[in-house]
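Student: Could you look at this predicted model? Sequence included:
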Amino acid sequence: MATKFSEDKSTQDSKIDHQPAVDLEMIARGVRLILEGIGEDLTRPGLQETPSRVAEMYAELTAGMREDAQQHVVPLPGDKHDEMVIVKDISIASLCEHHLAPFVGKCHIAYIPKDGRILGISKLARLAETFSRRLQLQERLTTDIANTLYEGLKPVGVMVVIEAEHTCMTLRGVRKANAKTITSAVLGGFRNDPRTRAEAMALITGKE
């Protein structure tokens, strides 16, 4: 299942100014209610620490809500490059906001520098990580990454492709194991030049 997206101004704000701190005890209380709701015994040894463990897990999986993604889009001083840059197979894990179920996969980011401006390659991975560690839709995650890079670095063009497996689809509902969703965001030169876009896709997929 593939969905393609072009430039979209609905990107989540990357600047986090007033995000409240995580309330671990509130999350733990909610987990206790869930366990009681499904008929579990909260006093049995295997579950006694589960609420606090789940609270810490959610704090970790939503850490990007409390981070400024734009901090990762800072050009390297003194270094210049004018050809296409691609970082592929960036592992991502996020939570679908509809069911709070994980989706996991790979993110591929390509950009064409303008005036030689480039990022450290680890910054692209950190950008993907920051946005994935939020309650997300894969479609929005894709455009969040692309728009933040495009607006912050001001390159000639940006392309982001994400392929992921959603447990809300594989473990429940239609229960289609191994089904993958592919989304892309294509901005600037990649959007305007089909040959450049095709070159990037070939490098990402390994198919000519």
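Tutor: Cool, got the structure.

Student: Can you work out which other helices and strands pack against the longest helix seen in the chain?
Tutor: Using DSSP state H, we find that the single longest helix of the chain is helix 138-153. On a contact count with 3 or more CB pairs under 8 Å, 6 or more residues apart in numbering; DSSP states H and E, helix 138-153 meets strand 2-6, strand 85-96, strand 102-112, helix 121-132, strand 157-166, strand 181-188. Every C-beta, even on glycine, is put in place using the N, C-alpha and C of the backbone.

Student: Residue 68: which of the ones you listed is closest?
Tutor: With distances scored as CB to CB, the stretch of the helices and strands packed on helix 138-153 nearest to residue 68 is helix 121-132 (8.0 Å).

Student: Near the closest residue in space to residue 21 that isn't next to it in sequence, how many other residues are there?
Tutor: Distances taken as CB to CB, 6 or more residues apart in numbering place residue 66 nearest to residue 21, at 7.6 Å, with adjacent residues excluded. Counted with other CB atoms under 10 Å, the neighbours of residue 66 add up to 15.

Student: can you pull the contacts of residue 94?
Tutor: Contacts for residue 94 (CB atoms under 8 Å, 6 or more residues apart in numbering) come out as 61, 102, 103, 104, 132, 133, 134, 136, 138, 141, 164.

Student: Check what pLDDT the spatially closest residue to it that is not a sequence neighbour gets.
Tutor: Distances taken as CB to CB, 6+ apart place residue 132 nearest to residue 94, at 4.2 Å, with adjacent residues excluded. Reported pLDDT at residue 132 in the predicted model: 98.

Student: residues touching residue 132, list them.
Tutor: Neighbour list for residue 132: 64, 92, 93, 94, 107, 141 [criterion: CB under 8 Å, 6+ apart].

Student: in the sheet, who's paired with the third one?
Tutor: As for beta bridges, residue 93 partners with residue 104 under DSSP bridges.

Student: Which pLDDT value belongs to residue 15?
Tutor: You'll see residue 15 listed with a pLDDT of 46.

Student: same question, residue 208
Tutor: Per-residue pLDDT puts residue 208 at 62.

Student: what about the residue nearest to residue 94, distance to residue 107?
Tutor: Per CB to CB, to the nearest Å, residue 132 is found 8 Å from residue 107.

Student: low-confidence ranges in this protein?
Tutor: Scanning the chain for pLDDT under 70 picks out 1-19, 208.

Student: Show me the residue at the heart of it, geometrically.
Tutor: Central residue of the chain (CA atoms, centre = their mean): residue 132, 3.0 Å from the mean position.

Student: any idea how far that residue lies from residue 61?
Tutor: Distance of residue 132 to residue 61, given as CB to CB: 9 Å.

Student: Report the set of residues contacting both of the two.
Tutor: Listed contacts common to residue 132 and residue 61 are 93, 94; contacts here mean CB under 8 Å, 6+ apart.

Student: ok, now which ones touch the spatially closest residue to residue 67 that is not a sequence neighbour?
Tutor: Closest residue to residue 67 apart from its sequence neighbours, by CB to CB, 6+ apart: residue 130 at 4.9 Å. Contact analysis of residue 130 by CB under 8 Å, 6+ apart lists 14, 64, 67, 69, 72.
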